[in-house]
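Q: Fold the following, please.
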Amino acid sequence: MSADAGVRLCRSNGFDAADRTAIRALLDAAFAGDFSDDDWAHALGGTHATVEADGAIVAHASVVPRLLEVDRFRLRVGYVEAVAVLPARQGTGFGTAVMRALAKVIAQEYAIGALSSGEWHFYERLGWERWRGPTWVRHADGRRERTPDDDDSLMILRTPSARPLDLSASLTCDARQGDAW
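A: Okay, here's the model as predicted:
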């Protein structure tokens, strides 16, 4: 499959109820029941990339705006959420297609891209880099808390306009319901 073949880009508010239901079913199947309502909420509010095959949505990823701090310097980041391919369609290039489409959105709209994953090799071959520094979460009261369990899961995608980044610097996100990262 070519990088853009069959990829549909749509803002969260552009989906109808049938699309939302189909995407949520895809995510539940791809994550084998380990996709929560908080995870779904995190995937909304930005741009979605989907692929349809045989009349069904078989791949999905979304990018949503978040503010992250790199050594206390705040950046408007395109944070990738809910990347999934229907299990029977994995390994067919659909995941690559949705991620390449979102990389273009990130380059146009954000300082950098960021995501949390354990599937580093998939993302590395698409230009993503592993973050090596410590991770933190900032709570509404201003308190910062270390998130050492997330230290080896963050990746970034540099954009043409990105300022130089030290991948071993501290990285901080704002707290949210469910997983911080």
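Q: how about the helices of this protein, start to end?
A: Ranges of helices in the chain, per DSSP state H, are 17-30, 37-43, 94-109, 120-124.
Q: could you say what helices and strands the last one packs with?
A: On a contact count with 3 or more Cβ pairs under 8 Å, 6 or more residues apart in numbering; DSSP states H and E, helix 120-124 meets strand 154-158. The C-beta positions use only the backbone N, C-alpha and C, and glycine is treated the same way.
Q: ok and the strand it packs on relative to helix 94-109, angle-wise?
A: Between strand 154-158 and helix 94-109, the angle comes out at 60 degrees (axes from the mean of the first three to the mean of the last three Cα atoms, to 10 degrees).
Q: So what touches strand 154-158?
A: Strand 154-158 is contacted by residues 103, 106, 112-117, 120, 123-124, 126-131, 135, 165, 167, 171, 181 when judged by Cβ atoms under 8 Å, 6 or more residues apart in numbering.
Q: filter the residues you listed to the buried ones?
A: Among these, those classed as buried by 16 or more other Cβ atoms under 10 Å are 103, 106, 112-116, 123, 128-129, 131, 135, 165, 171, 181.
Q: so which of the helices of the chain is the most packed in?
A: Comparing the helices of the chain by mean neighbour count (mean count of other Cβ atoms under 10 Å), helix 94-109 ranks first with a mean of 21.
Q: Show the average pLDDT along it.
A: Computed over helix 94-109, the mean pLDDT rounds to 98.
Q: Widest-spaced pair of the buried ones among the contacts of strand 154-158?
A: Largest separation among the buried ones among the contacts of strand 154-158 by Cβ to Cβ: A103 and T135, giving 22.4 Å.
Q: Please flag which of the buried ones among the contacts of strand 154-158 sit within strands.
A: By the criterion of DSSP state E, membership of the buried ones among the contacts of strand 154-158 in strands covers I112, G113, A114, L115, S116, E129, T135, L171.
Q: Name the nearest of the residues you listed relative to A56.
A: Here the nearest of these to A56, counting by Cβ to Cβ, is L115; it sits at 24.9 Å.
Q: Between its first and last residues, what's the separation in stretch 113-132?
A: Stretch 113-132 has an end-to-end distance of 15 Å (criterion: Cα to Cα, to the nearest Å).
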